[in-house]
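Novice: Predicted model follows, preceded by the sequence.
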Amino acid sequence: MQPFEWQRMWLDKFPVTYLAEVLFRSAIIFFIVLLAVKLTGKRGVRQLSVFELVIILTLGSAAGDVTFYEDVPFLPVLMVFVGIIAIYKFTTWLIDKSSTIEKFIEGRPIVIIREGKFVHETLEAENISHDEFLMELRLHNVSQLGQVKLAILEVNGDISVFYYPPDQTRAGLPILPEPENAAMAEPDPTGLYACFRCGHTSQPPAGSGSCEVCKGDRWLKADISRRIT
């Protein structure tokens, strides 16, 4: 094989006219995928559960092969689509009939914040990214955890946030990104601080004191600001 063989790099063994067939295949598969997505009844990716995302990825894999592999005929791919949609319909029927199957396939909502503090055991058990979750809270106009009564990670990845009334806002962990907030290892023991790891507020012991809830050793000065709406 010679390097920089333009025919091999661009078309290999195919004639230029094969590009027209690729366009035709792509158009056909586009409408098939569109029909399959419409049959699932979903309006957007943010609404997809893990199970539905697997269905879409499987359909996409089958669709990708037939668009440009000349030895992949249409009818077997159509059967893949029919089979996957049938499995999807059957599984959704099972989900409607059994709450156990529903929890196994769809998952369940997870409480991440309760009364202004992280549910630390949940964060560890579910392997949830701390920084990404704080970003989601900021998108909900939250500046510190004491403004949040309850935050729930839904099965489709969205976050539901329930707020304290302004007059009930608590002191909590400020969640603005650095450099607006800089966690410290040795806070002033006379002030009120929030553990960066779990959001527990206390007057930490002098020196390199660790959090009594999660044993974290990074602290931020607790914020009492109310939520701006």
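Specialist: Cool, got the structure. Residues are numbered from 1 along each chain as shown.
Novice: what packs against the helix or strand where Gln7 lies?
Specialist: Assessed by DSSP states H and E, Gln7 sits inside helix 6-10. The helices and strands touching helix 6-10, judged by 3 or more Cβ pairs under 8 Å, 6 or more residues apart in numbering; DSSP states H and E, number zero. C-betas here are computed from N, CA, C, even on glycine.
Novice: for that helix, what is the average pLDDT?
Specialist: Across helix 6-10, pLDDT averages out at 75.
Novice: CA atoms only: put it into CSV for me.
Specialist: Only the C-alpha atoms of helix 6-10 are listed here, as CSV (Å, rounded to 0.1, in the frame of the first residue of the first chain):
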residue,chain,number,x,y,z
TRP,A,6,-6.1,9.7,-3.2
GLN,A,7,-8.4,7.1,-4.8
ARG,A,8,-8.0,4.8,-1.8
MET,A,9,-8.4,7.7,0.7
TRP,A,10,-11.5,9.2,-0.8
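Novice: can you dump the C-alpha coordinates of whichever helix or strand comes after that helix into CSV?
Specialist: Next helix or strand after helix 6-10 toward the C-terminus (DSSP H and E): helix 18-40. C-alpha atoms of helix 18-40 as CSV (Å, rounded to 0.1, in the frame of the first residue of the first chain):
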residue,chain,number,x,y,z
TYR,A,18,-21.7,5.4,-5.6
LEU,A,19,-21.9,8.7,-3.7
ALA,A,20,-25.4,9.1,-5.2
GLU,A,21,-26.4,5.7,-3.7
VAL,A,22,-25.0,6.8,-0.3
LEU,A,23,-27.2,9.9,-0.4
PHE,A,24,-30.3,7.8,-1.3
ARG,A,25,-29.5,5.3,1.5
SER,A,26,-29.1,8.1,4.0
ALA,A,27,-32.4,9.7,3.0
ILE,A,28,-34.3,6.4,3.4
ILE,A,29,-32.7,5.6,6.7
PHE,A,30,-33.3,9.2,8.0
PHE,A,31,-37.1,8.8,7.5
ILE,A,32,-37.0,5.3,9.0
VAL,A,33,-35.2,6.5,12.1
LEU,A,34,-37.6,9.5,12.3
LEU,A,35,-40.6,7.1,12.2
ALA,A,36,-39.0,4.9,14.8
VAL,A,37,-38.4,7.8,17.2
LYS,A,38,-42.0,9.0,16.7
LEU,A,39,-43.3,5.6,17.5
THR,A,40,-41.6,5.8,20.9
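Novice: and helix 18-40, average pLDDT?
Specialist: The average of the pLDDT scores along helix 18-40 is 77.
Novice: cool, and stretch 135-144?
Specialist: Throughout stretch 135-144, pLDDT has a mean value of 88.
Novice: again, but for stretch 121-132
Specialist: On average, stretch 121-132 scores 71.
Novice: So what does the closest residue to Cys214 other than its chain neighbours have for phi and psi?
Specialist: Sequence neighbours aside, Cys198 is the residue nearest to Cys214 in space, at 4.1 Å (criterion: Cβ to Cβ, 6 or more residues apart in numbering). Cys198 adopts backbone torsions of phi -120, psi -10, taken as degrees, to the nearest 10.
Novice: Okay, buried residues for stretch 54-66 please.
Specialist: Ile55, Ile56, Thr58, Leu59, Ala62, Ala63, Val66 (16 or more other Cβ atoms under 10 Å).
Novice: again with stretch 131-140
Specialist: Phe133, Leu134, Glu136, Leu137.
Novice: out of the residues you listed, who's nearest Leu150?
Specialist: Leu137 (12.2 Å; Cβ to Cβ).
Novice: Tell me who's in contact with that closest one.
Specialist: Going by Cβ atoms under 8 Å, 6 or more residues apart in numbering, Leu137 touches Leu145, Val148, Ala151, Ile159, Val161, Ile175.
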